[in-house]
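Undergrad: Would you be able to build a 3D model of this:
(chains A and B)
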Amino acid sequence: MPRAKKYIDKDVLTAGRERIEHVYDLFDHTVVMFSGGKDSEALLLLVKEFHEKNGLGPVTVAFRHEEVINPSVLKFVETFRHYDWCNLHWFCLPMSNGKFVLGQKEAYIEWDPDREWVGQQPEWAITGEDVGMASDGQFDQHSVDDQIANYLCGPGSVAFLTGVRASESLVRFRSVTQKLNENYISSIEHNQRSRVKLCKPIYDWEQNDVLQFIYESGMPWCEVYEAQEIAGIGLRVSTALHAAAAKKFKQLAEIEPEFYEQILEIFPDMADQARYWDDFDQNAIIAPYLGRGFNGAMRYVEEQVPPEQKKEAIKRVVQWKARYEKDPKNYPIDLLLKTLAFGKIKQRLTGIYVDSKGYKGPK
Amino acid sequence: MTHAIDSIEWVHTSELFSNSWNPNVVFNKELKLLEESILGEAGWVFPIIINRNGMIIDGYHRWFLGSNSKKIIARDNGLVPCVRVDIGDKEAIMMTVRMNRAKGTHAALRMRDLVQTLVDDYGTTPDEMIQKMGMTEGEVALLYDGTLLKRKNLQTRKYSRAWVPVETKLMTDEEREEFERETDD
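TA: Purely as a prediction, here's the structure:
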C-alpha cells in the first residue's frame, strides 16, 4: 500500500527527543553513526543532550572513514575526539564499494591493501585486523555494522542511530515509511537476523531544522559546507566516488584541489568523469528502453550492464517488480531504469496533512 | 593608448614573487604539460603579468617552472617574459581574480581567504569587489561572513511539524489526484 505523511501536532525537535528516549528504552547498547555531515552532527548533539539530561556519561560514537573522504571533513571529525562527552571510535575497514564513472558503477575496495591509498589512516584508526578480520578479508555494506557492533558492544541488542532524513531522497523516504509502527527502527538490509537495528530519530527533519539545531547548540559545522555553498553544489560529505557525489566530482577541484588531485592519482578514470559528465547525454542512453515496462528494463540490463554486474541488476529488477505491484506510485518503472543507469533517484515524496482537528489534505 | 602588452621585458625569476592568495589551481599533470609546451618549438607564448613591485598577477605556474625546471633554466638563464602593469598590491589582487574567473579553476576556500584579506587588510568595499571582480552581492557576503549558518536567519524560524507514515487510503482518489497535481515536480 502506498505511503504518505501524516503531520502530527508536535514539532520535529520534540518528536526527535521522544524517539531517542524510546530507542534508549528498547536497546541494550546505542551507538551514534557519525559521518561529519550536518545530519549526523545534529543527531549526535541531540543524543548528547539526552545523555546530559539523564547523566549517562559520554556518547558512544562510530565514524566509518571510507578512505576517499574530504580532508576538511576528517579534520572536523577529528575535533570530536577531544570532547569529553564524545567517545569517538574511528574505523578504517576494508570494504567493498562502488565508484561512478560516466554511467557505470565499478567496484573497488576501500583501504585495499593491494593498492596505494587516497590519504593515510590516522594512528588512532581501528583497522580490519583490530576487529578480527583476516589480512586479505573485506566487509560489505551489510556485514560491516555487525563487526563494528561486536567491537564496541557486549552481548545484547544494539541500536545504530543514524541521521537519515526522508526528504533527502525517495529511497530514504521509503526506508522510514515501510513500517507503520516504530517506523524509524529497521533491520539492516539483507541482514535481518543481525542484533543491530538502524534507528532514524530525525527522519522527518528538513534541512533547515538540522541547521537550526546545530546553530542553537552553538557548535560549528564542517567547513566543507561553506565551500560547497560557495561552489554552488549540494551540501554533502560522503565519499567523493559515490554516484551522487561523483556527478559533482568536477567541482571538487574548487573545494579541495589537493584532495581532487590525490584521487586522480589513485583513480585516474575519475578524470573522465570530471571532463565529460556534464556533456554525457544521459537521456539518449535510456531513451530506447523507456516506456516499455519491465521488458524495457530487462533489455537495458541485457544490452548495457557489464557482465559482472548483470546478476545484481536482474535481482534489482525482480525486487522492483515485486514492490511495483504493491505500490506503483512510489516504484515507477522509468525510475528503475534511471536507477539502473545512473543511480538516479528522483525526489518525489507523497504526503498528506492530518491534524488533531480532522483536517485532511495537502499541507 | 598604450597597452601593457606593447612592452614585454625579460626579468629574472628571482626578482618576482608570488602572492599567497592566488585562488587559481593547476594540477601536476597540467604543470608537466605546461613545461613541455614552454620547452617546445614555440617556446614562451604567454608573458607573466606582474605589478610595479614584481608581484605576480597572472602566470604563477609559468614563473614556478621558470624558477624550478632545470631544462627551462638551462635554456633561458632564469629569465622569463613579463608584462609590467603599473598598479599597487590591492589592485593586483583584484586583477588576479578578474583574470582567473574568466579562465581558471578557483579553490573556494582560498577565495574566501582572499575576500577577507581584501576587506580587512585593504579596506576594500563590497561595491568595489562587485564592480572589479565580477562578483555578486550575495557572493561577497557569503565569502566574507564565512558562515552559512548565520545567513539562514535561523533565529526567527520555528521547527517543522513532525509526521508519521500512513497508508494513502486515508485520502480519497480525488484528494490524492489533487495533491499529486500540486506536488508533482
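Undergrad: hmm, which helix or strand of the chain has the shakiest average pLDDT?
TA: Just so you know, I chose chain A. In chain A, no helix or strand scores lower on mean pLDDT, DSSP states H and E than strand A:353-354, which sits at a mean of 42.
Undergrad: Chain B too?
TA: Within chain B, no helix or strand scores below helix B:173-183, which has a mean of 51 by mean pLDDT, DSSP H and E.
Undergrad: is it fair to say A:N87 lies in a helix?
TA: No - read with DSSP: H, G, I helix; E, B strand; the rest coil, A:N87 is strand and lies in no helix.
Undergrad: I figured it hits A:T60, correct?
TA: Yes - using C-beta atoms under 8 Å, A:N87 is in contact with A:T60, at 5.3 Å. Where C-beta positions appear, they are placed from N, C-alpha and C, glycine not excepted.
Undergrad: give the contact list for the closest residue to A:Y184 other than its chain neighbours.
TA: Leaving aside its sequence neighbours, A:Y184 sits nearest to A:K200 (C-beta to C-beta, 6 or more residues apart in numbering or on different chains; 4.5 Å). Going by C-beta atoms under 8 Å, 6 or more residues apart in numbering or on different chains, A:K200 touches A:161-165, A:175-176, A:184-186.
Undergrad: 7 Å instead, please
TA: Contact analysis of A:K200 by C-beta atoms under 7 Å, 6 or more residues apart in numbering or on different chains lists A:162, A:164, A:176, A:184.
Undergrad: same thing with B:E137?
TA: B:E137 is in contact with B:126, B:130, counting by C-beta under 7 Å, 6+ apart.
Undergrad: quick one: it from B:D127, how far?
TA: According to C-beta to C-beta, to the nearest Å, B:E137 stands 9 Å off from B:D127.
Undergrad: tell me, what's touching these two both at once?
TA: Listed contacts common to B:E137 and B:D127 are nil; contacts here mean C-beta under 7 Å, 6+ apart.
Undergrad: Helix or strand: which one has A:K6?
TA: strand A:3-11 (DSSP states H and E).
Undergrad: Do that strand and chain B come into contact?
TA: Yes - counting by C-beta under 7 Å from any C-beta of the partner chain, chain B has neighbours in strand A:3-11: A:3-8, A:10-11.
Undergrad: now that strand, how far from the centre of its chain.
TA: Centroid separation for strand A:3-11 versus its chain: 23 Å, with C-alpha atoms, centre = their mean, to the nearest Å.
Undergrad: Now do the helices in chain B.
TA: All helices of chain B, identified by DSSP state H, fall at B:28-39, B:60-68, B:70-76, B:89-103, B:108-122, B:126-133, B:137-145, B:148-151, B:173-183.
Undergrad: Tell me which of those helices sits nearest to A:N208.
TA: Closest approach to A:N208 among these (C-beta to C-beta): helix B:148-151, 10.6 Å.
Undergrad: Can you verify my assumption that A:I263 contacts A:E116?
TA: No - the pair A:I263 / A:E116 is not scored as a contact, 11.5 Å apart, by C-beta atoms under 7 Å.
Undergrad: of the two, who's got more company?
TA: Each of A:I263 and A:E116 has its neighbours counted (other C-beta atoms under 10 Å in any protein chain shown); A:I263 has more, 21 against 8.
Undergrad: Any figure for the gap between the more buried one and A:L44?
TA: Here the criterion is C-beta to C-beta. By it, A:I263 lies 27 Å from A:L44.
Undergrad: just checking, what packs against the strand holding A:K6?
TA: strand A:353-354, strand B:161-167 (3 or more C-beta pairs under 7 Å, 6 or more residues apart in numbering or on different chains; DSSP states H and E).
Undergrad: among these, which is nearest B:L33?
TA: In terms of C-beta to C-beta, the element of the helices and strands packed on strand A:3-11 nearest to B:L33 is strand B:161-167, at 54.6 Å.
Undergrad: For the one residue in the stretch 51-200 of chain A that gets nearest to chain B, give me phi and psi.
TA: Proximity of the stretch 51-200 of chain A to chain B (C-beta to the nearest C-beta) peaks at A:T177, 3.7 Å away. Dihedral angles of A:T177 (phi, psi; degrees, to the nearest 10) stand at phi -120, psi 0.
Undergrad: again, but for A:G98
TA: Dihedral pair for A:G98: phi -130, psi 140, per degrees, to the nearest 10.
Undergrad: Make sure it is actually in contact with A:I109.
TA: No - applying C-beta under 7 Å, one finds A:G98 not in contact with A:I109, separated by 10.5 Å.
Undergrad: So if I had to pick from the two, which one is more boxed in?
TA: Neighbours were counted for A:G98 and for A:I109 using other C-beta under 10 Å; A:G98 has more, 18 against 15.
Undergrad: Could you give the bridge partners of the more buried one?
TA: Beta-bridge partners recorded for A:G98 (DSSP bridges): A:A107.
Undergrad: Quick check, pLDDT for it.
TA: Per-residue pLDDT puts A:G98 at 75.
Undergrad: Report how many residues lie close to A:K6.
TA: 19.
Undergrad: meant to ask about A:P332
TA: Quick note: A:P332 (other C-beta under 10 Å) scores 15 neighbours.
Undergrad: Can you name every helix or strand that the helix or strand where A:F100 lies contacts?
TA: Applying DSSP H and E as the criterion places A:F100 in strand A:95-101. Using 3+ C-beta pairs under 7 Å, 6+ apart, the elements in contact with strand A:95-101 are strand A:104-110, helix A:243-246, helix A:270-276.
Undergrad: For the last one, give the mean pLDDT please.
TA: It refers to helix A:270-276. Mean pLDDT, helix A:270-276: 67.
Undergrad: quick one, the strand holding A:K6 and strand B:161-167 angle?
TA: Interaxial angle of strand A:3-11 relative to strand B:161-167 (axes from the mean of the first three to the mean of the last three C-alpha atoms, to 10 degrees): 150 degrees.
Undergrad: any idea how far the closest residue to chain B within the stretch 251-363 of chain A lies from B:R112?
TA: Per C-beta to the nearest C-beta, A:P257 is where the stretch 251-363 of chain A lies closest to chain B, at 4.2 Å. Note on A:P257: its distance to B:R112, by C-beta to C-beta, is 14 Å.
Undergrad: ok, now which ones touch the residue most central in space within chain A?
TA: Taking C-alpha atoms, centre = their mean as the criterion, A:V164 is the residue nearest the geometric centre of chain A, at 7.0 Å. Neighbour list for A:V164: A:172, A:175, A:200, A:203 [criterion: C-beta under 7 Å, 6+ apart].
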